[in-house]
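Engineer: from the sequence below, what's the structure:
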Amino acid sequence: MNASGFQLCEEGCFLSQDGVTNIRNVALVGHEHTGKTSLIEAFLEHAGAIPKIGHIKDKNTVSDFDPDEKEHGKSHFLSTISFDYDGKHFNMLDVPGSPDSIGEVYTALRAVECALVCVDATARAVLVNTRRVWSEASKMGIPRIISINRLDAHNTNFREKYEQVRQSFGKKCIPMYWPDGSGEKFSKVFNTLKIDAGSSDEIKTFNKEIIEAIVEADEAIMGKYLEGVEISDDELHEAFIKAIVAGSVFPVLFTSAEKEIGTKELLETIESIVPPPDFITRKGFKDGKEVTLNGNGFIGLVYRTVTDDFVTRISYIRVLSGKLSANGSFINRRTGNMEKIGSIFKNRGKEHFDIPFAEAGDIIGLSKVSDMRAGDTITDANTDLKLEEIKFPVPMVSLAVKLKSRKDEQKIGNALKEFESEDMTFHSVHDAETGDLVISGMSDNHLKLVLSRLKRKYKVEVETSIPKIPYRETITKSIKGVEYTHKKQSGGAGQFARVFIDLEPLPRGSGYEFIDKIVGGVIDQVFRTSVDKGIQSKMAEGIFAGYPAVDFRVRLVDGKTHPVDSKDIAFQIAGREALKKGFMECSPVLLEPIVMIDVDSPQEYMGDIMGDINSRRGKIVHSGSEVDMAHISALVPLAEIMTYQADLKSLTGGEGNYTIHFDHYDTVPPNIQNEIIKQHSDH
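Structural biologist: Residues are numbered from 1 along each chain as shown. Alright, predicted model coming up:
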């Protein structure tokens, strides 16, 4: 062991002589407050990497070292923890459990061979974000182990919680360790794979269930089992790894991280049955064709980037193939840039330990690479290959921000760019249409955290407001022969232009068409484009409510010029005013964006959610349920859900989540349109 608590091999790396087969990469996932960070503390204490476990309330855990995490008493950011135990090298990713951090779940799961799904024994149900990460891991085919944690707390019932887990995730969830009680009576766990004459009937039943689930994954072992031939421990162990990879079994364990009950057994289970990196085949794409990564050169996945308080850029990498050496180089396949490497290091929270190189299967950190994002593929110069693109969730909540001090314009630009590169579910944009600087994230709390970091780290303060809704103006009737004459006589040269136009509505989404129907030379060709330019400038600023006008056709049908006073600006003005005059005679209406919203929540809230959506002028297009979870899809005006994240949280006790995407524009009801027009005229 060196001072860091790592077992060094002869070359100075943090791997044993057996290399990749001794690595265990695991992501701890689940809803927030399920005890993921506390479990890692217990693992580190068992491994001798820390003298005693830290506690979230004492703000001294290895994972939660960021100032915002210490202040709020929970994980906000993915943390990488590496340590050695019993001859194995562990890379554990402590993934935040807030729905705001779902983007980090997407990248973390791609960097590991197993998800440790943490379930809160004190919660009345398996919480929504635990279900969500389970679903994501299932789509990716990631092996899963379940830890029912905090079983030492009052009012817990291990049998009820186990049944909830089975109802939520299926009958393949089978106890590998079974507790002796709940609450104060929880003191130890029993291995269901090892029974004796003193084992209870309940544990004997679980023993049969888990062994049958294991042997199903191996035909040879299954044959022996059915024939009554004794299966050796080594054979059963190898079959167990195959079973967990195949999804034939999801081992369930019971723990108390704070009291370190069942935590050593959980760590030893991870050591024993989590597949090593070379057990699972990884895929990539070369020239558009899928290829396996085995035997390729260096390939790495960037699963997180961050700038620390010393403004040092750090990128966290899963090495999928080949070898990466300190002071070497690689190509970022997103940017095409060749990047120089300084040091390579292992991470244990905020601590870094330099290593000379990293090989396939390991997880490491790099510093001072400026343009790197989560999801990037990096390779050596000769390995032109990309990993599958990660499709991150669309941000749900937006705020318009305004600087309190104009001198901070450059600082906020740099800060928001930095935040976007660190968090793929955070976006910022300057809306040229509304003039707003708009930031978007997964929830109100997500944006509050961004603004807190903006103030603490960059000393930038802003005022916030709800962004303007991007309404549109259009017409519903046609009109012919709208005439407008522009005359201006002054001491100098005059201005003259006369135009006749026809207007007609177009289908939604058609935009704008300008058709020149002038016959002969009543308007010079150059001035006809001036009419079009004037019309488009008026469209951009709006005609009656201050919003862009869309979805109509203009025909320029007649007009008149003056040999001296006609000029470009005169015909631009005539075009603008003719449009304004004709538009108001075509029964104009406002259009509003309609979004498709998909809501997931426990089934008990289904009726309340549907009633709430109806009250928001929504139209339910689909509803259904699976197990005890409800899913509702609805079309809703964007204006009605600008604060929906907080409202849904209140409605479901924090157990509902949703996604939205733009669907179409539709007419605003007359009473609401009148109010919007009034607000515009008041300004």
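Engineer: give me the helices and strands touching the one helix or strand in the chain whose mean pLDDT sits lowest, please.
Structural biologist: Within the chain, no helix or strand scores below helix 67-72, which has a mean of 81 by mean pLDDT, DSSP states H and E. Counting contacts by 3 or more Cβ pairs under 8 Å, 6 or more residues apart in numbering; DSSP states H and E, helix 67-72 is packed against helix 444-458. Every residue, glycine included, has its C-beta placed from N, CA and C.
Engineer: the helix it packs on packs against which elements?
Structural biologist: Short answer (3+ Cβ pairs under 8 Å, 6+ apart): helix 444-458 packs on helix 67-72, strand 397-403, helix 409-422, strand 437-441, strand 462-465.
Engineer: tell me which of the ones you listed is the most buried.
Structural biologist: When neighbours are counted by mean count of other Cβ atoms under 10 Å, the highest per-stretch mean among the helices and strands packed on helix 444-458 falls to strand 437-441, a mean of 21.
Engineer: what about K289, how many neighbours?
Structural biologist: Applying other Cβ atoms under 10 Å, we find 7 other residues in the vicinity of K289.
Engineer: next one, pLDDT for it please.
Structural biologist: Note on K289: pLDDT of 90.
Engineer: relative to the lengthiest strand in the chain, what are the paired strands and their orientations?
Structural biologist: Counting by DSSP state E, the longest strand found in the chain is strand 589-602. According to DSSP bridges, strand 589-602 forms sheet pairs with strand 472-474 (antiparallel), strand 629-637 (antiparallel), strand 657-667 (antiparallel).
Engineer: what are the ranges of the strands in the stretch 1-150 of the chain?
Structural biologist: 23-29, 79-85, 88-94, 114-120, 144-149 (DSSP state E, counting those that start in this stretch).
Engineer: so which residues of the stretch 251-400 of the chain form helices?
Structural biologist: 263-273 (DSSP state H, counting those that start in this stretch).
Engineer: okay, strands next: where are they in it?
Structural biologist: With DSSP E, counting those that start in this stretch as the criterion, the stretch 251-400 of the chain has strands at 283-286, 289-292, 299-307, 313-321, 323-325, 329-332, 338-340, 344-348, 351-355, 357-359, 363-367, 377-379, 397-403.
Engineer: can I get those in CSV with distance to I214?
Structural biologist: Below are the strands of the stretch 251-400 of the chain laid out as CSV (distance: least, Cβ to Cβ, whole Å):
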stretch, distance to I214
strand 283-286, 27
strand 289-292, 27
strand 299-307, 30
strand 313-321, 28
strand 323-325, 35
strand 329-332, 40
strand 338-340, 45
strand 344-348, 33
strand 351-355, 36
strand 357-359, 31
strand 363-367, 28
strand 377-379, 35
strand 397-403, 45
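Engineer: and of those strands, who's closest to E409?
Structural biologist: Closest to E409 of those is strand 397-403 (Cβ to Cβ; 6.5 Å).
Engineer: run the angle between the closest one and strand 437-441 for me.
Structural biologist: 140 degrees (axes from the mean of the first three to the mean of the last three Cα atoms, to 10 degrees).
Engineer: keeping just the C-alphas, turn strand 397-403 into CSV.
Structural biologist: Output of strand 397-403 as CSV, limited to C-alpha atoms (Å, rounded to 0.1, in the frame of the first residue of the first chain):
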residue,chain,number,x,y,z
VAL,A,397,-37.7,25.0,-16.9
SER,A,398,-36.5,28.4,-18.0
LEU,A,399,-35.7,31.8,-16.5
ALA,A,400,-35.0,35.1,-18.0
VAL,A,401,-31.9,36.7,-16.3
LYS,A,402,-30.8,40.3,-16.2
LEU,A,403,-27.5,41.5,-14.8
